[in-house]
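> Make a model of this:
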Amino acid sequence: MIIKLYPENPNERTVRQVVDMLRGGAVIVYPTDTVYALGCALDQPKAIERLRTIRGGKDSMELSIVCSEIGEVAEYAKVDNRVFKLLKHNLPGPFTFILPASSRISDKVMVGRRTVGVRIPDNSIAQAIVRELGMPLVTASVRTDDVGDEIEYITDPELIRERYAAVDAVVDGGMGDVHASTVVDCTQDGEVEVVRQGLRELEF
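Okay, the predicted model is just below:
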């Protein structure tokens, strides 16, 4: 199923349709401000397992969460004043911040890890879905198989539907980007490290 949403003005009824699916345990593909991503509700452990299977990753595959605002980030990760200022300066935006996880995140997401990637995409569709859901989305980027050291991302929702036939719905928000988010590690005391340069440079 492909569900069309327009980023300029996401239809509220259609957003609720997507969220009702997520609350029922669905795994979807949805647009972000970078590449398209797989997503499911944080409180749906079976859906998290399905997401891992669909993505083709192992249990140790790192998953991120998508939050609606910085205040919500602080519920699911440990955020000190230094990191809060960094988040406020760069979010919403094409960044994944690696932070110490709080106990509110499901073991199905963590799988023995103590850190979690956190995103607030600058995309009205993603934000509308997470706000209506009332909790973070568990997420992983949509991609083809790795080609050597390169990772290729699928940008066309129709092609994504063909590649990820096992998802319950693809939310079509137009063509995606080919550049992933910039990944920033904030778990070292007093240190911030850009571990992957993506679509935009970090601003301090």
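> Need the nearest residue in space to residue 23, chain neighbours excluded.
Leaving out its chain neighbours, the residue that sits closest to residue 23 by CB to CB, 6 or more residues apart in numbering is residue 41, at 6.3 Å. Any C-beta I mention is one placed from the backbone N, CA and C, and that applies to glycine too.
> Check the gap between the residue nearest the centre of the chain and residue 204 for me.
Central residue of the chain (CA atoms, centre = their mean): residue 139, 3.9 Å from the mean position. From residue 139 over to residue 204 the distance is 26 Å, taken as CB to CB, to the nearest Å.
> Quick check: which element contains the spatially closest residue to residue 132 that is not a sequence neighbour?
Leaving out its chain neighbours, the residue that sits closest to residue 132 by CB to CB, 6+ apart is residue 19, at 4.5 Å. Here residue 19 sits within helix 12-23, counting by DSSP states H and E.
> do the same with residue 203
Counting by DSSP H and E, no helix or strand carries residue 203.
> and it, what is it in contact with?
By CB atoms under 8 Å, 6 or more residues apart in numbering, the residues touching residue 203 are 89, 90.
> what packs against the lowest-mean-pLDDT helix or strand in the chain?
Using mean pLDDT, DSSP states H and E, helix 107-110 stands out as the lowest-scoring helix or strand of the chain, at a mean of 73. Here helix 107-110 touches helix 45-55, going by 3 or more CB pairs under 8 Å, 6 or more residues apart in numbering; DSSP states H and E.
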